[in-house]
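Participant: using only what follows, build the 3D model:
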Amino acid sequence: MTMKRILTGDRPTGRLHIGHYVGSLSNRVKLQHDYDTFIEIADIQALTTHFERPELISDSIMQVAIDNLSVGLDPEKVTLFLQSQIPSIAELTIFYSMFVTMNTLRHNPTVKTEAAQYGYDDMTYGFIGYPVSQAADITFCNADLVPVGEDQKPHIELARKLVRRFNDLYCGDIPLIKEPEIKLSEFPRLAGLDGNAKMGKSLGNAIYLSDTPETVKEKVSKAVTDPSRIRATDPGHPDICVVNKYHAVFTPDEHEDICERCKAGTIGCVACKKRLTQSLNDLLDPFRERRAYYEAHLDDVRDIIRQGNAHANEIGNENIAKIKEAMHLNLGGVQA
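Facilitator: Predicted coordinates for the structure are as follows:
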């Protein structure tokens, strides 16, 4: 029986953090055993917000690849590839752009949120159109499933609409491109250490997968807790504490007990943070071990990406040929 395929990925604009792990990477590790897994390093999409810093994107490609491998993705089971090296994605992006309207893109809630985040009053063509490129990312290989966080749902819905439109226009009764399904993360978003609703690379409030044990300890010690709690014996309010939210994810078996002890004033913030630090470092220790191996074998990482590019192009080229034929883009059978 043929495995169903998943497609997901990351923008190489810096190192990945535990928010990425909770929101997507942990899912990838589980799903790789049951799905044909494609992991995209989206360097073209990174240009939509970092077009003036291409060196950052270039420098981050290997880091993001190692981040993925360090959490337990098996290069024998997954296809790790670089978006810019897959011409069929660029072609499919252009084809989709012919029948998506500007109003549809302008009213995408995630695009509007991200435009505000980056301070864009006037969006570039690449930025406003990146959900179209993302639809091409997903469908160039006919992915069945896309593991994403809640904030990415509008993009997947747009991809599904574009696929339906394409199939209606060009494919008659037999659809050529699959409508991708969404698999939401159990923990869609992890708050930042500073209390910000989102942990972000650009916000300076993240714990990175590559952080040392000492760095994790230092960052957790500065995390926002209940501001009304002065002494360890004061009753706390765990519902407004960032550290408590992290315990729910990283120390789930003890979370209820920690909440009750916080409310009763029998555990202080220092002890609570110490326990969280232990949980985080227990999680990150095997990642650090695998990271050390790959950082010492960078040629192996480059080979993994090259092999992934070759496999992605094999599938993408086959699919784009069928798509062009359906669109009659073959000059009456005369092709290059």
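Participant: where in this structure is pLDDT low?
Facilitator: Regions of the chain meeting the criterion pLDDT under 70 cover residues 1, 187-188, 331-336.
Participant: chain center to the helix ranked longest in it: distance?
Facilitator: The single longest helix within the chain, with elements called by DSSP state H, is helix 298-326. Taking CA atoms, centre = their mean, to the nearest Å, one finds helix 298-326 lying 20 Å from the centre of the chain it belongs to.
Participant: so which bits of that helix are buried?
Facilitator: By neighbour count, with 16 or more other CB atoms under 10 Å as the criterion, the buried positions of helix 298-326 are 301, 304-305, 308-309, 312-313, 315-316, 319-320, 323-324, 326. (C-beta placed from N, C-alpha, C; glycine too.)
Participant: TSV for those, including distance to residue 76?
Facilitator: Formatted as TSV, the entries for the buried residues of helix 298-326 read as follows, by distance: CB to CB, whole Å:
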residue	distance to residue 76
301	14
304	10
305	14
308	12
309	16
312	16
313	19
315	17
316	21
319	24
320	27
323	30
324	32
326	34
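Participant: show me which of those is closest to residue 163.
Facilitator: residue 323 (11.2 Å; CB to CB).
Participant: that closest one touches residue 95, doesn't it?
Facilitator: Yes: in this structure, residue 323 sits in contact with residue 95. The criterion is CB atoms under 8 Å, and the distance is 6.9 Å.
Participant: overlap in contacts, these two.
Facilitator: Both residue 323 and residue 95 are in contact with residue 166, where contact means CB atoms under 8 Å, 6 or more residues apart in numbering.
Participant: if I pick residue 162, what's in contact with it?
Facilitator: Taking CB under 8 Å, 6+ apart as the criterion, residue 162 is in contact with 96, 99, 100, 132, 135, 139.
Participant: tell me how many other residues crowd the third one.
Facilitator: Residues contacting residue 100 under the criterion other CB atoms under 10 Å number 17.
Participant: and it, backbone torsions?
Facilitator: Per-residue torsions, residue 100: phi -110, psi 140 (degrees, to the nearest 10).
Participant: distance check, it against residue 60.
Facilitator: As judged by CB to CB, to the nearest Å, residue 100 and residue 60 stand 29 Å apart.
Participant: which other helices and strands contact the longest helix of the chain?
Facilitator: Packed against helix 298-326 by the contact rule (3 or more CB pairs under 8 Å, 6 or more residues apart in numbering; DSSP states H and E) you find strand 36-41, helix 54-70, strand 78-82, helix 87-97.
Participant: quick one, it and helix 54-70 angle?
Facilitator: When axes from the mean of the first three to the mean of the last three CA atoms, to 10 degrees is applied, the directions of helix 298-326 and helix 54-70 differ by 100 degrees.
Participant: report the angle between the axes of helix 298-326 and helix 87-97?
Facilitator: Here helix 298-326 points in a direction 40 degrees away from that of helix 87-97 (the same axes, to 10 degrees).
Participant: tell me the angle of helix 298-326 relative to strand 78-82?
Facilitator: Direction vectors for helix 298-326 and strand 78-82, defined by the same axes, to 10 degrees, enclose an angle of 80 degrees.
Participant: identify the farthest-apart pair in the buried residues of helix 298-326.
Facilitator: For these, and using CB to CB, no pair is farther apart than 301 and 326, which are 37.2 Å apart.
Participant: what segments of the stretch 51-200 of the chain are strands?
Facilitator: Here the stretch 51-200 of the chain has its strands, by DSSP state E, counting those that start in this stretch, at 78-82, 145-148, 181-184.
Participant: how about these in CSV, adding distance to residue 89 and mean neighbour count?
Facilitator: Putting these into CSV (distance: least, CB to CB, whole Å; neighbours: other CB atoms under 10 Å) gives the following:
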stretch, distance to residue 89, mean neighbour count
strand 78-82, 10, 23
strand 145-148, 15, 22
strand 181-184, 20, 16
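Participant: redo the ones you listed as a markdown table? Include distance to residue 193.
Facilitator: Compiled in a markdown table, these are given as follows (distance: least, CB to CB, whole Å):
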| stretch | distance to residue 193 |
| --- | --- |
| strand 78-82 | 29 |
| strand 145-148 | 23 |
| strand 181-184 | 24 |
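Participant: nice, that's everything, thank you.
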